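**Student:** please find the sequence and the predicted model below.
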Amino acid sequence: MHPFFGQSIEYFKGVGPQRAETLNKELQIFTFGDLLQHYPFRHEDRSRFYSVKELLPNLPYVQLIGEFRSFKTIGIGRKARLVGTFADETGTIEMVWFKGIQWIQKNLSVGVKYIAFGKATLYKGKFNIAHPELEIQTKKNTKGGYLQPIYHSTEKMKKKGMESKFFSKAMKVLLAEAVKHIEETLPNSLIRQFGFIDKKTAVVAMHFPRTSQQLLQAQNRMKFEELFFVQLRLIKLKIARMEKFKGAGLNKSDLLNDFYEKHLPFELTEAQKRVIKEIYADFRSGQQMNRLVQGDVGSGKTMVAFLAMLIAIGSGYQCAFMAPTEILAEQHFKGLREQAHLVGIHIARLTGSTPKSERRLIHEGLMSGVISMLVGTHALLEDKVKFKNLGFAVIDEQHRFGVAQRARLWTKTKDFYPHVLIMTATPIPRTLAMTFYGDLDISVIDELPLGRKPIKTRHYRDNKRLEMFGFVEKEIEKGYQAYIVYPLIEESATLDYKNLMDGYEGISRRFQNYQLSIVHGKMKAEDKEWEMQRFARGETKIMVATTVIEVGVNIPNATIMVIENAERFGLSQLHQLRGRVGRGSDQSYCILMTGLKLSTEARTRLKTMVDTNDGFKIAEIDLELRGPGDLMGTRQSGALELLVSDLVKDGEILKMARITARDIMSDDPELSKEENRPIKKHIDSFNQDVVNWGRIS
Ligand code: ADP
Ligand code: MG
């Protein structure tokens, strides 16, 4: 990149040290290049003038030329409003102010030509504009002809005199010099193929487009470019990994076959079979596997992982299975141990609460190779934990682990990297998966085991609480069990605990004939465990809990999930909680309890839950509601700050970018062909400049 773009923003005309500091802090603008990439978030159409007669409802912001005939104040005190009658040759319209009335009236004059800009709304059959922007008409501002850029600014920046106007002025100065140094980043062939405008024109038009048509063209091109380079990098990473990172060749399926024929407790679904085949193909390839398995709650991911581990162990390697919480690790350990013992596999468990003495034995067993399967939490990642020959690692519920933790697994063996299988029950919309996990292969288990009945979901407001209790009682009488879950959110923890305890009391009074369990975050691990066990054995009929049960238990006889204050949960969390029931063949229910008043967004979430059980559909809607950052967790989204593209809306462009990047990389992996020079040059310039590289790629 040209050194021009690397200059510190402090030295930009009209900025200086103080404003520079604010720009650093508020918008992460450090250099001239950063400033150039501070694109407007919208444009206002100042390209033409409307006459009063032309006004229609639903127009965007419009501008009019005319003069005030009169002003009058209507109402008194806080209810007072100022109304000015504004006229052009075709008619009159009212301009209305509710605030700053005196000041405004003092500064406006009757009989002077103004340009008024604002949103015209129809009120009682007449158009008016509330709080219009007004400028005295001059030759210059009458010419118009531009779409005016509106830049994002913050309160702190406004205090330092840096509002939208500041940026549009600065951009004009900056662009005059910058255009000389902007280089094309895409090959000519691509530009022709997609009919893109060139980079210089695009950057200028992002700020100062001549027409809305040109603005769209510019945005399209910049979005493509941004997503294309992200994809290119991901694909490069993947190719590099496949070349460099040999995986253990795992090709002995005897142990798997043995288990399959004698001990498999159920028929696998077609989806499970398909995913196991995909994994087996990776195992045999000689290259390291990095595969993400997405499958809704209850789709049977654990069995897939177990069968894959049998291939690895049968081929003479050790396996690790990592779960996000102790409770989940414990449950997986017990489940896996039962199966493992059937085929004589030595299995161990390692979590934060494993006592020292036991730990030492495990360390030894792993080093000597006596232990073939290790189940645990991220305690597995500690440096002290060394394997004789770890060949395969499973990570359950990946969204709770960072990418860095995944990488730490790779240091566990010397000669090759273990194959990695990541499992998630939080389906990720395709656009996100392509971007966040673009360097992974993806498998999908899109089928539930046979005989599962779809969970019926209902939404009750608090005034139907008695009905809900009645329903729960009827089901308990039939022999089933229920969860009643309360939110526990850190910021309001004290209140949430009180809420839980009040709820528990109410439930105790209502269900005096039954034993109840309660589990929450403040309890000791062994007390929680004890309560869980009582519930699992069917001794208690209702489990009152905070969200600690979100992951963990698998109790087929529990068929009712009541979620209190359901409006406070996010969609994916609600879906996860609901997944705790519906684990057996009997009809299960999910009841969402909420207050009477709900925000529009909360209503959308609840309606979505009632309407569908499809995790992927839910994930798509969640993405629309919350945006990619929230969905993927801030830690991970920080690595991917997109400046112009929007993963919610730009799915089509993303697909195009990914296919294009893939084609180019398979045709010219080193990017050494003449036509790919612009790409290579662009990537190299990022590699030199670490700060920008991290931000943009
Ligand atoms: P998840 O994908 O949510 O991790 P699990 O692996 O916990 O799902 O499986 C949920 C339940 O379904 C378990 O009790 C498991 O034994 C059972 N299961 C898994 N696969 C099948 C199958 N093909 N047929 C019947 N039951 C299955
Ligand atoms: Mg699971």
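**Tutor:** Sure thing, it's come through. Everything numeric in this text was worked out from a predicted model, so none of it was measured. Ligands and ions are numbered 1, 2, ... in the order given.
**Student:** contacting residues for the closest residue to residue 297 other than its chain neighbours?
**Tutor:** Nearest residue to residue 297, sequence neighbours excluded (C-beta to C-beta, 6 or more residues apart in numbering): residue 579, at 2.6 Å. Glycine gets a C-beta too; all of them are placed from N, C-alpha and C. Residues near residue 579 by C-beta atoms under 8 Å, 6 or more residues apart in numbering: 296-298, 425.
**Student:** what's the first helix or strand after the helix or strand in which residue 277 is found?
**Tutor:** Counting by DSSP states H and E, the element that carries residue 277 is helix 270-284. Counting by DSSP H and E, the next helix or strand C-terminal to helix 270-284 is strand 290-295.
**Student:** output the contacting helices and strands for that next one.
**Tutor:** helix 270-284, helix 301-314, strand 419-424, strand 441-445 (3 or more C-beta pairs under 8 Å, 6 or more residues apart in numbering; DSSP states H and E).
**Student:** try 10 Å
**Tutor:** Using 3 or more C-beta pairs under 10 Å, 6 or more residues apart in numbering; DSSP states H and E as the contact test, the elements touching strand 290-295 are helix 212-244, helix 270-284, helix 301-314, strand 390-396, strand 419-424, helix 430-436, strand 441-445, helix 615-632.
**Student:** tell me the contacts of the closest residue to residue 520 other than its chain neighbours?
**Tutor:** Nearest residue to residue 520, sequence neighbours excluded (C-beta to C-beta, 6+ apart): residue 546, at 4.5 Å. For residue 546, the contact set (C-beta atoms under 10 Å, 6 or more residues apart in numbering) comprises 485-489, 493, 496-497, 499-500, 518-523.
**Student:** which residues of the chain score low on pLDDT?
**Tutor:** 58, 60, 143-145, 244, 398-415, 548-553, 628-641, 686-697 (pLDDT under 70).
**Student:** can we see that at 50?
**Tutor:** 550, 634-639, 689-697 (pLDDT under 50).
**Student:** okay, now the domains of it?
**Tutor:** 1-47+146-174, 56-145, 254-445, 456-612 (automatic domain parsing).
**Student:** what about the helix holding residue 277, distance to the chain center?
**Tutor:** 28 Å (C-alpha atoms, centre = their mean, to the nearest Å).
**Student:** same check, this time on stretch 491-501
**Tutor:** Chain-centre distance of stretch 491-501: 27 Å, with C-alpha atoms, centre = their mean.
**Student:** and what of stretch 644-653?
**Tutor:** Worked out by C-alpha atoms, centre = their mean, stretch 644-653 lies 13 Å from the chain centre.
**Student:** buried residues in that stretch?
**Tutor:** 644-645, 647-648, 650-651, 653 (16 or more other C-beta atoms under 10 Å).
**Student:** identify the residues contacting it?
**Tutor:** 37, 39, 194, 206, 218-228, 230, 429-432, 434-436, 620, 623-629, 631-632, 637, 640, 642, 654, 656-657.
**Student:** so which residues of the stretch 351-500 of the chain form helices?
**Tutor:** Using DSSP state H, counting those that start in this stretch, the helices assigned to the stretch 351-500 of the chain run over residues 356-368, 403-409, 430-436, 465-477, 493-510.
**Student:** ok, now which ones touch residue 563?
**Tutor:** With C-beta under 10 Å, 6+ apart, residue 563 has these contacts: 457, 459, 483-487, 547, 569, 573-574, 577-578, 590-594, 609.
**Student:** show me what from the stretch 501-650 of the chain comes close to ligand 1.
**Tutor:** Contact residues, the stretch 501-650 of the chain versus ligand 1 (C-beta under 6 Å from any ligand atom): 554, 583.
**Student:** so where do the helices sit in the stretch 501-650 of the chain?
**Tutor:** 525-536, 571-578, 600-611, 615-632, 634-637.
**Student:** okay, the ones you listed, which one's buried deepest?
**Tutor:** Across the helices of the stretch 501-650 of the chain, averaging neighbours per residue (mean count of other C-beta atoms under 10 Å) puts helix 571-578 on top, at a mean of 22.
**Student:** closest residue of this structure to ligand 1?
**Tutor:** residue 300 (2.7 Å; C-beta to the nearest ligand atom).
**Student:** OK, contacts around that residue?
**Tutor:** Contacts of residue 300 by C-beta under 10 Å, 6+ apart are 266, 268-269, 271-272, 275, 445, 447-449.
**Student:** swap in residue 91?
**Tutor:** Applying C-beta under 10 Å, 6+ apart, the residues near residue 91 are 51-55, 66, 126-127.
**Student:** what's the ChimeraX syntax to select whichever of those residues are buried?
**Tutor:** Only the buried entries of those go into this ChimeraX selection, using 16+ other C-beta under 10 Å:
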select :52,55,66,127
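**Student:** near ligand 1, list only the ones from the contacts of residue 300.
**Tutor:** Near ligand 1, by the rule C-beta under 6 Å from any ligand atom, you find 266, 268-269, 272, 449 out of these.
**Student:** among the residues you listed, name the buried ones.
**Tutor:** 268-269, 272, 449.
**Student:** find the nearest non-adjacent residue to residue 473, please.
**Tutor:** That would be residue 511: by C-beta to C-beta, 6+ apart, it lies 7.0 Å from residue 473.
**Student:** now for the one you found, how many residues are close by?
**Tutor:** Residue 511 has 17 neighbouring residues, counting by other C-beta atoms under 10 Å.
**Student:** do you know how far the residue nearest to residue 297 is from residue 390?
**Tutor:** 30 Å (C-beta to C-beta, to the nearest Å).
**Student:** name the nearest residue to the residue sitting furthest away from the middle of the chain, sequence neighbours excluded.
**Tutor:** The centre of the chain is farthest from one residue, residue 111, which by C-alpha atoms, centre = their mean lies 54.8 Å away. Leaving aside its sequence neighbours, residue 111 sits nearest to residue 67 (C-beta to C-beta, 6+ apart; 5.7 Å).
**Student:** list the buried residues for the stretch of helix or strand the one you found belongs to?
**Tutor:** Per DSSP H and E, residue 67 falls inside strand 62-74. Residues of strand 62-74 classed as buried by neighbour count (16+ other C-beta under 10 Å): 62-68, 71.
**Student:** same deal with stretch 91-106?
**Tutor:** Buried, per 16+ other C-beta under 10 Å, within stretch 91-106: 93, 95-97, 104.
**Student:** in strands, which of those fall?
**Tutor:** 93, 95-97 (DSSP state E).
**Student:** got those as a markdown table, with distance to residue 199 columns?
**Tutor:** A markdown table is the format used below for these (distance: C-beta to C-beta, whole Å):
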| residue | distance to residue 199 |
| --- | --- |
| 93 | 43 |
| 95 | 43 |
| 96 | 45 |
| 97 | 45 |
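**Student:** my guess is residue 313 meets residue 345, correct?
**Tutor:** Yes - taking contacts as C-beta atoms under 10 Å, residue 313 lies within contact range of residue 345: 6.1 Å.
**Student:** which residue packs closest to residue 441, ignoring adjacent ones?
**Tutor:** residue 291 is the one closest to residue 441 (C-beta to C-beta, 6+ apart), at 4.7 Å.
**Student:** before we move on, the earlier item: tell me the bridge partners for the residue nearest to residue 520.
**Tutor:** residue 486 (DSSP bridges).
**Student:** now do the phi/psi pair for residue 330.
**Tutor:** phi -60, psi -50 (degrees, to the nearest 10).
**Student:** and if you look at residue 83?
**Tutor:** According to degrees, to the nearest 10, residue 83 has phi -120, psi 120.
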